[in-house]
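J.: using only what follows, build the 3D model:
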Amino acid sequence: MLLVYDGFIQLYRLAVKLAAYGNKKAAAWIDGRKKVAEQLQKNIAPADAVIWMHCSSAGEFEQGKPVIEALKAAYPQKKILVTFFSPSGYGAARNYPHADILTYLPLDTKKEAERFYHQVRPSLVIFVKYEFWYHHLATAAFHHVPILLISAVFRKDQLFFRTYGGFYRQMLFLFRHIFVQDSTSLDLLQANGISHCSIGGDTRFDRVVKIAKSASDIPLISEFAAGKKLLVAGSTWPGDEDVLALYVRQNRDVKLIIVPHEINAGHISQVQALFDGALLYSALEKGTARLSARDNSQTLIIDCVGLLSRLYRYATITYVGGGFTKDGIHNILEAAVWGKPVLFGPHFEKYREGKEMIAAGGAFSFADAGGFKKIADDLLTDENHLRKTGLAAKRYIDENTGATGTILEFIQEKRLLTN
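T.: Numbering: from 1, shown residues only. Predicted structure coming up:
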């Protein structure tokens with residue numbers, strides 16, 4: 001099976017190289033890995049003690065941040081290295097101040113994993129939620145380095161639990177401990193003979209609480225809302241945007257702030273075409289939009305990054321996109337932490353928080369534009385319903401914080417790191 005795995009890795013490398021001729025992300029994937037050895041040599045001295053965290057992409061990095069910051073506070077003398085599989089994850093981390101080294105994860109071959117290990121010599125390895133790279137894990141385990149998996153979620157249909165998934169299942173035994181998000185994942189692991197696991201929770205809850213506590217005001221948003229009922233829609237895709245466009249045309253007394261998932265010029269133009277008289281945030285910020293237009297516009301399009309988590313605070317109700325795509329909903333916790341009702345489309349079955357927040361009474365899912373209209377209208381016309389739903393969303397967040405503390409306590413109790 002290892003030969004098959006190694007063959008797949010080489011085929012993957014070839015496929016990305018071929019794709020790189022016409023795909024910027026594939027090209028970044030290739031180019032970024034050419035510089036890894038040089039980055040490590042430049043930033044890690046022989047006497048350095050390094051904690052290595054691996055995140056697949058931007059979402060996993062958000063889960064890793066609370067743990068990085070807790071480790072940095074508890075062990076300030078240690079360097080923290082964060083690796084990424086995807087260019088989007090690496091790009092999102094460039095200005096993050098709490099990691100000492102940010103780089104791509106070398107391709108998972110035995111040769112590259114061993115070279116990476118000997119350059120880094122980590123004291124502790126932490127993988128976040130997804131991705132299981134055999135040679136990187138096996139090399140660290142061979143050198144008796146403790147490896148943790150945090151905020152993990154497991155499902156019956158994954159390779160680990162199939163009759164032919166023994167090779168992947170064995171990877172799970174390379175971890176010193178596995179922190180899962182829920183009892184379903186825990187039961188699944190234990191039923192397959194994996195006992196070095198426990199419920200640790202999801203570190204994203206800690207992350208969104210911290211962001212909310214430190215969020216600064218955005219005066220332009222208060223001015224745009226002008227005291228009216230405000231719908232804030234984040235990480236939207238075309239299916240979401242069609243639903244929202246129909247709703248605001250039918251409800252002229254409701255203002256909308258929309259944050260598309262893709263903010264390239266082409267997609268922003270498409271979104272502008274859907275919403276009559278929509279303003280661009282960049283135009284307001286630069287002062288190129290007239291004050292009278294700002295007063296009269298029903299829709300504001302956010303055409304920059306970094307504002308979404310703060311925007312939800314201004315909402316009367318929130319909409320989180322992705323529910324009409326095969327990948328499913330984006331981060332609904334960012335909205336719920338502000339005590340706002342959360343609405344999203346039908347594809348949320350892979351997301352524990354979506355199901356649990358609906359059950360808790362803080363969120364609603366809908367199948368189409370008609371379903372969205374009914375839920376939104378009910379919330380916007382019934383103050384008591386709106387208040388109860390918002391409180392339920394915030395209560396759900398508060399009841400699920402603490403994962404970071406659980407992980408740090410384990411590291412300290414087991415003496416996985418020394419000062």
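J.: which of the residues in stretch 164-176 are buried?
T.: Buried residues in stretch 164-176, counting neighbours by 16 or more other CB atoms under 10 Å, are found at 168-169, 171-172, 174-176. From N, CA and C alone the C-beta is placed, and that goes for glycine too.
J.: end to end on that stretch, go ahead and measure it.
T.: 24 Å (CA to CA, to the nearest Å).
J.: contacts for it, please.
T.: 1-2, 5, 127, 132, 134, 137-138, 140-141, 146-149, 158-161, 178, 189, 192, 194, 196, 414, 416 (CB atoms under 8 Å, 6 or more residues apart in numbering).
J.: so which of those are in strands?
T.: 127, 147-149, 178 (DSSP state E).
J.: list the contacts of residue 242.
T.: 274, 369.
J.: before we move on, which element is it in?
T.: helix 238-250 (DSSP states H and E).
J.: flag every buried residue along that helix.
T.: 238-241, 243-248.
J.: sketch out the low-pLDDT regions of the chain for me.
T.: 288-296 (pLDDT under 70).
J.: I figured residue 77 was touching residue 48, is that so?
T.: No - in this structure residue 77 lies outside contact range of residue 48 using CB atoms under 8 Å: 9.3 Å.
J.: now do residue 104 against residue 231, distance only.
T.: Taking CB to CB, to the nearest Å as the measure, residue 104 falls 38 Å from residue 231.
J.: do residue 277 as well
T.: 16 Å.
J.: higher neighbour count, these two?
T.: residue 231 (23 against 10; other CB atoms under 10 Å).
J.: phi, psi for the more buried one please.
T.: Note on residue 231: backbone dihedrals following degrees, to the nearest 10 are phi -100, psi 120.
J.: neighbours of the closest residue to residue 179 other than its chain neighbours, how many?
T.: The shortest distance from residue 179 to any non-neighbouring residue, by CB to CB, 6 or more residues apart in numbering, is to residue 200 (2.9 Å). Neighbourhood size, residue 200 [other CB under 10 Å]: 24.
J.: residue 200: what's it in contact with?
T.: By CB under 8 Å, 6+ apart, the neighbours of residue 200 are 150-151, 179-181, 403, 406-407, 410.
J.: if we use 10 Å, what do you get?
T.: 148-152, 177-181, 186, 402-407, 410 (CB atoms under 10 Å, 6 or more residues apart in numbering).
J.: dump stretch 191-207 to PDB, keeping only the CA atoms.
T.: What follows is stretch 191-207 as a C-alpha-only set of coordinates in PDB (Å, rounded to 0.1, in the frame of the first residue of the first chain):
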ATOM      1  CA  ALA A 191     -14.800   1.500  17.700                       C
ATOM      2  CA  ASN A 192     -11.800   1.100  15.500                       C
ATOM      3  CA  GLY A 193      -9.300   0.400  18.300                       C
ATOM      4  CA  ILE A 194      -8.000   4.000  18.600                       C
ATOM      5  CA  SER A 195      -8.000   4.800  22.300                       C
ATOM      6  CA  HIS A 196      -5.500   7.700  22.500                       C
ATOM      7  CA  CYS A 197      -8.300  10.300  21.800                       C
ATOM      8  CA  SER A 198     -10.600  12.500  23.700                       C
ATOM      9  CA  ILE A 199     -13.100  15.300  23.000                       C
ATOM     10  CA  GLY A 200     -11.200  18.600  23.000                       C
ATOM     11  CA  GLY A 201     -13.700  20.700  21.100                       C
ATOM     12  CA  ASP A 202     -13.200  23.100  18.300                       C
ATOM     13  CA  THR A 203     -10.600  25.900  18.700                       C
ATOM     14  CA  ARG A 204     -12.500  28.100  16.300                       C
ATOM     15  CA  PHE A 205     -14.900  29.000  19.100                       C
ATOM     16  CA  ASP A 206     -12.000  30.500  21.100                       C
ATOM     17  CA  ARG A 207     -10.800  32.300  18.000                       C
END
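J.: residue nearest the middle of this protein, spatially speaking?
T.: residue 59 (2.0 Å; CA atoms, centre = their mean).
J.: is it in contact with residue 130, as I believe?
T.: Yes - using CB atoms under 10 Å, residue 59 makes contact with residue 130 at a distance of 9.0 Å.
J.: so where do the helices sit in the stretch 51-200 of the chain?
T.: Taking DSSP state H, counting those that start in this stretch to define them, one finds helices in the stretch 51-200 of the chain at 58-74, 87-93, 110-120, 134-142, 166-171, 183-191.
J.: now the ones you listed in CSV, please, with extra columns for distance to residue 397.
T.: Formatted as CSV, the helices of the stretch 51-200 of the chain follow (distance: least, CB to CB, whole Å):
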stretch, distance to residue 397
helix 58-74, 14
helix 87-93, 22
helix 110-120, 35
helix 134-142, 32
helix 166-171, 32
helix 183-191, 19
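J.: just give the closest residue to residue 316, not the sequence neighbours.
T.: residue 229 (4.6 Å).
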